[in-house]
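**Q** Predicted model and sequence follow; I will ask about them next.
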Amino acid sequence: MSADGAPVERHHILTVLVENKAGVLARVAGLFSRRGYNIFSLAVAPTDDSRLSRITIVVDVESAPLEQVVNQLDKLVNVVTISELAPASAVQRELLLATVAAEPAERSQVIQLVGVFGGEVVDVGADRLTVMLAGPPDKLDGFERLLATYEVVDLQRTGRVALPTIDVQPASGRRLVSVQPSAAG
Amino acid sequence: MQLTGAQALIKSLEMESVEVMFGLPGGAILPVYDPILSSSIRHVLVRHEQGAGHMAEGYALATGRPGVAMVTSGPGATNIVTPLSNAYMDSTPLVVISGQVPTAAVGTDAFQECDITGVTMGITKHNWLVKSAQDIPEVVASAFHLATTGRPGPVLVDVPKDVSFSQMEWYWPDDLDLPGYRVPGPPRRAEVDAAVALMAAARRPVIYAGGGILKARAAEALRALAERTGFPVVTTLMARGAFPDSHPQCLGMPGMHGNYTAVTAMQRADLLIALGARFDDRVTGRVDAFAPDAKVVHVDIDAAELHKVRRADVAIAGDCKVVIEALLEAAAPVLAEGDAASCIGPWWDTLRRWQREVPLHYERSDGPPIKPQMVVETLRDLSPPDTIVASGVGQHQMWASQYWRFDHPYTWVNSGGAGTMGFAVPAAIGAKAGRPERTVWAIDGDGCFQMTAQELVTATAERIPIKVAILNNAYLGMVRQWQEMFYGERYSEVYLSPDLPDYVKWAEAMGAVGLRAETPEEVAPTIEKANAVDDRPVVVDFRTDAFEKVFPMVPAGASNDAIVVHPEHADRADAERVAWERLAAEQRQ
């Protein structure tokens, strides 16, 4: 809890725009391990600009103050911008894939559960099926808990990606380090 | 104009005005050594790649220009990892070019292959594996730009052999493509005003000057600020020479082996103005007990240093010179000349009393062995005032910092953050290569000397006449001191022997003049003899007292209040502490 009694978010979302070059992910991951910062989840993908990739990092700020993490990250030459998204004012999505062992008798229950959550069955075999759910992380948490009553053979989550919500965008997407003309110019 | 990658690399170094580079060839870098034959750049052939790295650092520390070193792949590259780490810790601009196995062989465990960009990722400001000869000018220009701007530091450019061989169309970039690299601009007015307000209100201020002053070439600005405010100045190990030791406002070095007044002034301060300093553990001692009453103004070009160790009341990310000039301008109407001085008069009375009561001290001795501090004092008195002093790491380094009088910037070349033993000899060679008109003395320990002494062969062959004073106490002295003080005098693996090796013969074998002084009377004449040699290196083996310890000392992890001064002055330091505590208690009531 903070001084004013509001709960302190342990996980902060940083969306980091990086140059799309070899070894950049290693530089980011190496920085976190070398300085002892904890990563809760991490997702990397190209953006609509082929020169840039976006890394969405969920940082556990119990390991280090967020400002330290951001300032150190900003020193990586390939890091172009860093924005922090407050979880309350960000659209967050994550994808979950799970293979569940289910005899024909149980199968309909699993399919029903997937239906309630708005997921999909993406693969079916004789005695198991693979299901998919995309959604906010807490929804995935709930789905994962209920799925655990069945025999989960394999489960994989992607880690979060996030964008600021549109109505409060100017306030929510705290752009910590903005794009500027190259200092070399 | 068509060039090979190798030719483009050397031409790029010429475009960056490189005058000297330090290196050692090998398989993967061979193509790049060919165009060196027809280049204006002087190449100094070292005997070990670590020497090349430290020479480049010594060159950079003495001249302010980036040091350049070139090595081959695999072991050549790994041998320069220590200098890269050292330069990273001390923010020294260093450009290392390494050869790499041909692109097609990368990742196959080829002969002399090592993933050196991977190895050095955490100890360089940035590094590159060059994929195409066409990229070479752009990468070299970026490398120098990154090494020398913002917070300076080492960079590494890894060049596969086939890239060196292949053809490219020469160009020199007007613009660099570094979209993620930014250097802080001028400070915001509000920040500067807030700092000045704290300065105006301070009654026990201390300016805490760090190595950033030298990197920003801000020594003159610092002096102007100090004289304008009348504030005392401490200079950290990395900032020795940034403010003249002979200046009446200079308190000297703080920290684990700082003098009593510098350490205690910070500890009792109500305002610390940290300029290009990073609250290193060797300065702060136990952080939660450091300068408990002080507000902090912290200026650093690296925003990540602000609030890292100590929360600052005013934190300014910026170049020290620019920020100090802004502070001066903003302070002019607030701090009327002499006004500030009268407010801090009582503080100066206290500081002067501490200087008088608890000065640096050692027991002088007429007979052998020689006191190591006396060697440093005699060297200081018999050498030109702008002499460059290099040192290794350990007791000799602390005595050099304590007893030399640094009155000029860029005259102190040492390994601070990394604490790299063996730094002195190669760093002194690099300093002398960059400043051939200056006298360069390496003050070294016997343990350190043995790590990199082979570079004296380089010094002789390249006619770089440095001078080396070995404070030979036949021990790894600082480790011995810790074992004596903190491990119940259980001496484990610290004895080295005074005459194995025979340093005079070893010096002579390397083409240097070898001298020895065994008694205090021999010290001055031997130094005079060494100072008279100017055509080759000189090594002097000073047989010093093995039992001498560096005082003062703040034990590792202890509060700076627990400073241990020379036993001779322990009572006075105790009395000062009691008096301060009594005063503080009275003020609380």
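**A** All right, it came through fine.

**Q** per-residue confidence for residue 3?
**A** You didn't say which chain, so I picked chain A. As predicted, A:Ala3 sits at a pLDDT of 46.

**Q** nope, chain B please
**A** B:Leu3 carries a pLDDT value of 98.

**Q** Over to it. Which of the three states is it?
**A** Of the three states, B:Leu3 takes strand under DSSP: H, G, I helix; E, B strand; the rest coil.

**Q** Next, the contact list for the nearest residue to it once chain neighbours are set aside, please.
**A** Nearest residue to B:Leu3, sequence neighbours excluded (Cβ to Cβ, 6 or more residues apart in numbering or on different chains): B:Trp170, at 5.0 Å. Any C-beta I mention is one placed from the backbone N, CA and C, and that applies to glycine too. Contacts for B:Trp170 (Cβ atoms under 8 Å, 6 or more residues apart in numbering or on different chains) come out as B:Met1, B:Gln2, B:Leu3, B:Ala8, B:Lys11, B:Pro137.

**Q** quick one: which of those residues is most hemmed in?
**A** Counting neighbours by other Cβ atoms under 10 Å in any protein chain shown, the top entry in these is B:Ala8, with 30 neighbours.

**Q** Any idea how many residues pack against B:Glu16?
**A** By other Cβ under 10 Å, 20 other residues sit near B:Glu16.

**Q** show me what contacts the closest residue to B:Gly26 other than its chain neighbours?
**A** Computed as Cβ to Cβ, 6+ apart, the closest residue to B:Gly26 that is not its neighbour in sequence is B:Thr72, at 2.8 Å. Neighbouring residues of B:Thr72 by Cβ under 8 Å, 6+ apart: B:Leu24, B:Pro25, B:Gly26, B:Gly27, B:Ala28, B:Ile29, B:Leu30, B:Ser98, B:Gly99, B:Gln112.

**Q** what sits against the nearest residue to A:Gly30 once chain neighbours are set aside?
**A** With Cβ to Cβ, 6+ apart as the criterion, A:Gly30 has its nearest non-adjacent residue at 5.3 Å, and that residue is B:Met121. Applying Cβ under 8 Å, 6+ apart to B:Met121 gives the contacts A:Gly23, A:Ala26, A:Arg27, A:Gly30, B:Asn127.

**Q** which of the contacts of B:Trp170 sit farthest apart?
**A** Within the contacts of B:Trp170, two members stand farthest from each other by Cβ to Cβ: B:Gln2 and B:Pro137, at 13.5 Å.

**Q** before we move on, the earlier item: now the residue nearest to B:Gly26: how far from B:Tyr475?
**A** B:Thr72 is 36 Å from B:Tyr475, where distance means Cβ to Cβ, to the nearest Å.

**Q** how does chain A divide into domains?
**A** Per the record, chain A has its domains at A:11-85, A:91-161, by automatic domain parsing.

**Q** any idea which helix or strand comes after the helix or strand bottoming out on mean pLDDT in chain B?
**A** When the helices and strands of chain B are compared on mean pLDDT, DSSP states H and E, helix B:339-343 comes out lowest with a mean of 70. Note on helix B:339-343: by DSSP states H and E, the next helix or strand toward the C-terminus is helix B:345-357.

**Q** Which neighbouring elements make contact with the helix or strand that that next one is followed by?
**A** As assigned by DSSP H and E, the chain's next helix or strand after helix B:345-357 is helix B:372-382. Packed against helix B:372-382 by the contact rule (3 or more Cβ pairs under 8 Å, 6 or more residues apart in numbering or on different chains; DSSP states H and E) you find helix B:395-403, strand B:440-445, strand B:467-472, helix B:520-532.

**Q** report the angle between the axes of the first one and helix B:372-382?
**A** Taking axes from the mean of the first three to the mean of the last three Cα atoms, to 10 degrees, one finds that helix B:395-403 is oriented at 50 degrees with respect to helix B:372-382.

**Q** Low-confidence ranges, the chain, go.
**A** Looking at chain A here, since you left the chain open. Applying pLDDT under 70 to chain A flags residues A:1-8, A:168-185.

**Q** try again with chain B
**A** The model of chain B has pLDDT under 70 over residues B:336-341.

**Q** Would you mind measuring from the residue positioned nearest the centre of it to B:Arg240?
**A** In chain B, the centroid-proximal residue (Cα atoms, centre = their mean) is B:Asn414; its distance is 4.0 Å. To B:Arg240, B:Asn414 is 8 Å away according to Cβ to Cβ.
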